[in-house]
Each structure stands twice: as structure tokens, then as C-alpha cells.
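> sequence and predicted structure, then a few things I'm wondering about:
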Amino acid sequence: MTVTKEDTGYSAFASVKNSFIATEGENYDELKANVLEAVNLAFEEKGFVYTAEEINFALDLQSFFEFYKVINAKALSARIGMNQSLLAQYIKGIKKPSAAQTKRILAGVQQIGKELAEIRFMM
């Protein structure tokens, strides 16, 4: 499902097995629940039942940084060696990143996530 941040929440859409599925939600959790409901409704007659784990969500950069405000774009740009102004333009939707640039940004975000998952605090 392709997820986009809208002025009033989030929207998601996908074409699956010749069916177009679209829904929206005021927040990301509501959107995920609505997507699951919409997907299962679309395939109800065929006897398919999907779980939330079977649905892949893809965010555009603008939606990602809107949802995960805790990630500082300035610090990320320095970390991945990308011009801060260019990353800001990608995030604001002014410019569209190439596939290579998108992979570079994603790799940086995933590396941060990996490092955070490995952190242990002293107790």
C-alpha cells in the first residue's frame, strides 16, 4: 500500500490482483486498521483473509518525516553525506529523489533504527 500524508490525516492506495483499494485515516494507526478492513472486504468473495503483517506499507519521504518527527533531517543529511537543502526539498516534495537517492536516505534511516535497537541502558 502506498501511504501519503494529507492535510487531514493519511491516505493509502494499491492495485492488487486487478482490484483498486483505497482508504484513509485521521492517524497512521487508524489508517492501518482501515487498510486491513478494505483489503479483506475486497477479497471477501474469493475467501481470502489477510492479516496486518501480510500488508506492506510504503511511505513517501514527506509522509515519513511528518510521521516520524523525531528524526532530524539536518542530522540525517550530515550522517548520509547529503546536502541538507536537497534533503529538505525532497521532504517538502519540491524535488523528487532518484531511486538511488531514495535508497541512500532509506539506508541511513535503517542504520539509525538498527543502532537504536541495539542500545542498552545501564540499570
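Received it, and whenever you're ready, just let me know what you need.
> can you tell me the closest non-neighbouring residue to the residue most central in space within the chain?
Centroid-nearest residue in the chain, with C-alpha atoms, centre = their mean: L59, separated by 2.5 Å. Nearest residue to L59 in three dimensions, chain neighbours excluded: V3, at 4.9 Å (C-beta to C-beta, 6 or more residues apart in numbering). Placement of C-beta: from N, CA and C, glycine included.
> can you tell me the element the one you found falls in?
Following DSSP states H and E, one finds V3 within strand 2-6.
> same check on K114?
Here K114 is assigned to helix 99-118, by DSSP H and E.
> list the buried residues for that helix?
101, 104-105, 108-109 (16 or more other C-beta atoms under 10 Å).
> can you put those in TSV and add pLDDT and distance to T8?
Below are the buried residues of helix 99-118 laid out as TSV (pLDDT from 0 to 100; distance: C-beta to C-beta, whole Å):
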residue	pLDDT	distance to T8
Q101	96	29
R104	96	31
I105	96	26
G108	96	30
V109	95	26
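> per-residue pLDDT of A33, please?
Turning to A33, the model gives it a pLDDT of 95.
> ok now do it, which residues does it touch?
A33 makes contact with G25 under the criterion C-beta atoms under 8 Å, 6 or more residues apart in numbering.
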